[in-house]
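Participant: here is the input, now give the coordinates:
(6 chains)
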Protein chains: 4
Amino acid sequence: MGLSERREREKLARKEQILDAARTLLFKRGLQATTINQIAKLSELSVGTLYLYYKNKEEIFAELEKEGFDLLYQQILEAENKAVTQDEKVVGIAFSYIDFSHNFKDYFDIINYFLSTPELLFPPVIKNRIDKTAGKILKVLVDVINSGIDCGHFRKVDPVKHAVVLWGSLHGLIHFKKMEETMLQNENYRDYVKYMLDNYLYNLKSGVAR
Amino acid sequence: MGLSERREREKLARKEQILDAARTLLFKRGLQATTINQIAKLSELSVGTLYLYYKNKEEIFAELEKEGFDLLYQQILEAENKAVTQDEKVVGIAFSYIDFSHNFKDYFDIINYFLSTPELLFPPVIKNRIDKTAGKILKVLVDVINSGIDCGHFRKVDPVKHAVVLWGSLHGLIHFKKMEETMLQNENYRDYVKYMLDNYLYNLKSGVAR
Amino acid sequence: MGLSERREREKLARKEQILDAARTLLFKRGLQATTINQIAKLSELSVGTLYLYYKNKEEIFAELEKEGFDLLYQQILEAENKAVTQDEKVVGIAFSYIDFSHNFKDYFDIINYFLSTPELLFPPVIKNRIDKTAGKILKVLVDVINSGIDCGHFRKVDPVKHAVVLWGSLHGLIHFKKMEETMLQNENYRDYVKYMLDNYLYNLKSGVAR
Amino acid sequence: MGLSERREREKLARKEQILDAARTLLFKRGLQATTINQIAKLSELSVGTLYLYYKNKEEIFAELEKEGFDLLYQQILEAENKAVTQDEKVVGIAFSYIDFSHNFKDYFDIINYFLSTPELLFPPVIKNRIDKTAGKILKVLVDVINSGIDCGHFRKVDPVKHAVVLWGSLHGLIHFKKMEETMLQNENYRDYVKYMLDNYLYNLKSGVAR
DNA sequence: TATGAATGAGTCTTCATTCAT
DNA sequence: GATGAATGAAGACTCATTCAT
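Facilitator: Got it, this is the predicted structure:
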């Protein structure tokens, strides 16, 4: 192993060390309440060192966003594997996203944060890295839809668009949870998700001989 | 006009004066960057006076959120009126939401801010007032769907749920705009909206004699 | 009853109305947390009116201080009456001050506030009125000591000085309550009071044939 | 000298720098009127730096309180040393406290402030550190009384209690200075102190063969 | 590389008092 | 006499980032 190789490894180790602390704090205190100084203290590094490895606070959280997407990917992959039919797979994936938004609330919040903060614009490198994971997640859905089409289970839709629409719909519905008691008229918002999925599948199959 | 009547009117005028400044700043600088002191200066009132009319900063923005919903309501109503068939109405309403998210980006941002900030919880009075407007907006959609069902144009779906799902889906897709160049593979995200709407309408009508 | 007489009475009623509110708030929220606006609201008068009857916030609290002294006077009088021998009277009065400092903590705090805030200097009129009540309280003690001397129970001390010393000692000990767990070595500070009184009485009687 | 050693020294120097400013302002403007911004400006440090060395405003003043106690301790030790007999020592210590309350009025005020502010409760660490100094002061008195007892000069009293009572009495009398012209009937309140001390000593010695 | 002390503009909010009506 | 809207300086405290060592 060369010197530069070791350097590289140590660098990664340091970055991980920082992320560990940031993650812990994010989960303990939430996004807003986590400060650079706290991360420095918990990671047993100095503030200056943090800035040696990350250009600013946002970059650290961007890394955590990627982590969140990675985790989500795992969840979705698992859900996909567990299910048998294409219908079940679609439903399974959908609910694994819903569940993710609760069980890993902090990761979901951070994903959402970057998705909905208007000003925020990442340096392309980071943004691409993140979006790639998002792309992988989408691909799982796309593949399911494709295989459903292949076996004649689903009608011949545009699989990518169909996948994006599903994910977007889920994402939007999650936002409405806050209005459960008012606009959603006290009905559990999961019922809305179910309802949406029923229609989604119905649409995928209508006109298809079953 | 009695004294108390004039007082009341002046009070409203002051509140409007404050909102004018807050709105201007919100549009110029964005949500996070707008401070109480700025609002005070621009409205030509003292900081103390602001706190006479609004309990805190959040309340001012809550008022603007309500404003945003009201404006959205107007837009949607207009779109509904302009369209003739139920199909057109659905599409018109949907795109008026999409357009709203661009044309009145700041209002959309503020709505989204309150929808997705996890910690934030308004005093019930305020929350209800806002959610009521949201309810009115939803109702426009519900009515369109209902009338579509009545005239045999749409199949007999649950109109409230169908409406929520539509709005949620649109809301979610808007978030994905940020990924236009990556996940959405350089396709205009409006095409996704169109695609989604096609399917939405197809679903509403499938099984219905046309 | 003349007009000016009624005016006078109404004026006093207003002042009482203000004091009622101020007292309630003082007891509910404490000295620092009570604001003029709160007093105005609770008394159902306008802020401006408050300033018509009292020159400033301090004057209102000065009135309450007087009240506190008056109440203390009652307590002490009662204790004096209840006791039979001069010894018992001294002890009774002393403990009624100690009890007052707990049972009417807010009044004690306000008395102490004016006594120990260095900058504060009242307009002579107010100060005199208050000190007069303080003088009445002192007189109760003086009288007890005097009558003790008269009946040969106590030796011929300077009754005023002896009274001041007793009151001062009690007042000082009350301040030490905060150090119960440290300097006072976990012994109840009432025991210190008892101890002090024992010695005080012993002193009053030593050399006196008993 | 190692690096960490120098760091430690510089840290202490900074803390002293801050205290210097705080002390100066405390003496010039009084307790309530001294603000963090003033301290920052006078100490030629930024506000943020102040908060690097002290958790909040209270902690700075707590430090000054400790300083006051330390100074008082010196004064009392000196008085104790200067005097020869136990009687003189008691009187000397007592008047050094009285003198302290005038000559170092601001230190006395701050001590009194913390002693009589009801809400204020320090974090245990700080409180203990302060109370310890208070304990040291008390011990001087206790030792004097003890040695008086040992040499048969004083009767066998409880030395701690006797010491606390003396200090408490002095502390209380100082508060009454404000009423010199009214309740104390225009007599110099030092005479009251003298009178109190006479009796205190009389009590300490009565029954003892002289 | 690594440190961590220092920055200081900026945050929201409070409140006794005034004065035109 | 009575009102109460308006004031605005002042308060304590935060925190991402820098830079000399």
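Participant: quick check: which element contains the closest residue to A:His162 other than its chain neighbours?
Facilitator: Taking Cβ to Cβ, 6 or more residues apart in numbering or on different chains, and ignoring the residues beside it in sequence, A:His162 has A:Ile145 as its nearest neighbour in space, at 5.5 Å. Heads up, the C-betas are built off the backbone N, CA and C, glycines and all. Element membership for A:Ile145, per DSSP states H and E: helix A:124-150.
Participant: please report phi then psi for A:Tyr54.
Facilitator: With angles defined as degrees, to the nearest 10, A:Tyr54 sits at phi -130, psi 140.
Participant: residue contacts, the single nearest residue of chain A relative to chain D?
Facilitator: Of all residues in chain A, A:Asn37 sits closest to chain D, with a separation of 10.3 Å (Cβ to the nearest Cβ). Going by Cβ atoms under 8 Å, 6 or more residues apart in numbering or on different chains, A:Asn37 touches A:Val47.
Participant: any idea which element it lies in?
Facilitator: helix A:36-43.
Participant: so for that helix, what gets flagged as buried?
Facilitator: By neighbour count, with 16 or more other Cβ atoms under 10 Å in any protein chain shown as the criterion, the buried positions of helix A:36-43 are A:38-40, A:42-43.
Participant: can you redo the residues you listed as JSON lines with distance to chain B and pLDDT?
Facilitator: As requested, those are exported to JSON lines (distance: Cβ to the nearest Cβ, whole Å; pLDDT from 0 to 100):
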{"residue": "A:Gln38", "distance to chain B": "18", "pLDDT": "94"}
{"residue": "A:Ile39", "distance to chain B": "20", "pLDDT": "95"}
{"residue": "A:Ala40", "distance to chain B": "24", "pLDDT": "95"}
{"residue": "A:Leu42", "distance to chain B": "22", "pLDDT": "94"}
{"residue": "A:Ser43", "distance to chain B": "25", "pLDDT": "94"}
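Participant: may I see those organised as CSV, with distance to DNA strand E added?
Facilitator: Converted to CSV, the buried residues of helix A:36-43 look like this (distance: Cβ to the nearest atom of the strand, whole Å):
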residue, distance to DNA strand E
A:Gln38, 12
A:Ile39, 12
A:Ala40, 7
A:Leu42, 13
A:Ser43, 9
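Participant: circling back: helix or strand right after the helix holding A:Asn37?
Facilitator: Next element after helix A:36-43 (DSSP H and E): helix A:47-53.
Participant: what about that following helix, average pLDDT?
Facilitator: Averaging pLDDT along helix A:47-53 yields 95.
Participant: next one: stretch A:135-151
Facilitator: For stretch A:135-151, the per-residue pLDDT averages 95.
Participant: so chain A: which segments form each domain?
Facilitator: A:1-54, A:58-205 (automatic domain parsing).
Participant: now the helices for chain A?
Facilitator: Counting by DSSP state H, chain A has helices at residues A:3-29, A:36-43, A:47-53, A:57-82, A:86-103, A:105-116, A:124-150, A:159-175, A:189-205.
Participant: nearest residue to the one residue in chain A that gets nearest to chain B in space, please, no chain neighbours.
Facilitator: Scanning chain A for proximity to chain B using Cβ to the nearest Cβ identifies A:Gly172 as nearest, at 2.8 Å. Spatial nearest neighbour of A:Gly172, excluding adjacent residues (Cβ to Cβ, 6+ apart): B:Gly172 at 2.8 Å.
Participant: tell me the contacts of that neighbour?
Facilitator: A:167-175.
Participant: nearest to DNA strand E among the residues you listed?
Facilitator: A:His175 (24.5 Å; Cβ to the nearest atom of the strand).
Participant: now the most centrally placed residue in chain A. Nearest residue, chain neighbours left out?
Facilitator: By Cα atoms, centre = their mean, chain A has its centre lying nearest to A:Phe69, at 3.7 Å. Closest residue to A:Phe69 apart from its sequence neighbours, by Cβ to Cβ, 6+ apart: A:Thr133 at 4.0 Å.
Participant: give the contact list for the one you found.
Facilitator: A:66, A:69-70, A:73.
Participant: and the residues you listed, which two are the farthest apart?
Facilitator: A:Lys66 and A:Tyr73 (10.4 Å; Cβ to Cβ).
Participant: show me which of these two is the more surrounded one.
Facilitator: A:Lys66 (21 against 17; other Cβ atoms under 10 Å in any protein chain shown).
Participant: residues contacting the residue lying closest to that one once chain neighbours are set aside?
Facilitator: Excluding its sequence neighbours, the residue lying closest to A:Lys66 (Cβ to Cβ, 6+ apart) is A:Ile130, at 5.0 Å. Each residue near A:Ile130 by Cβ under 8 Å, 6+ apart is listed here: A:62, A:65-66, A:69, A:114, A:122.
Participant: of all those, which two lie farthest apart?
Facilitator: A:Phe69 and A:Phe122 (13.5 Å).
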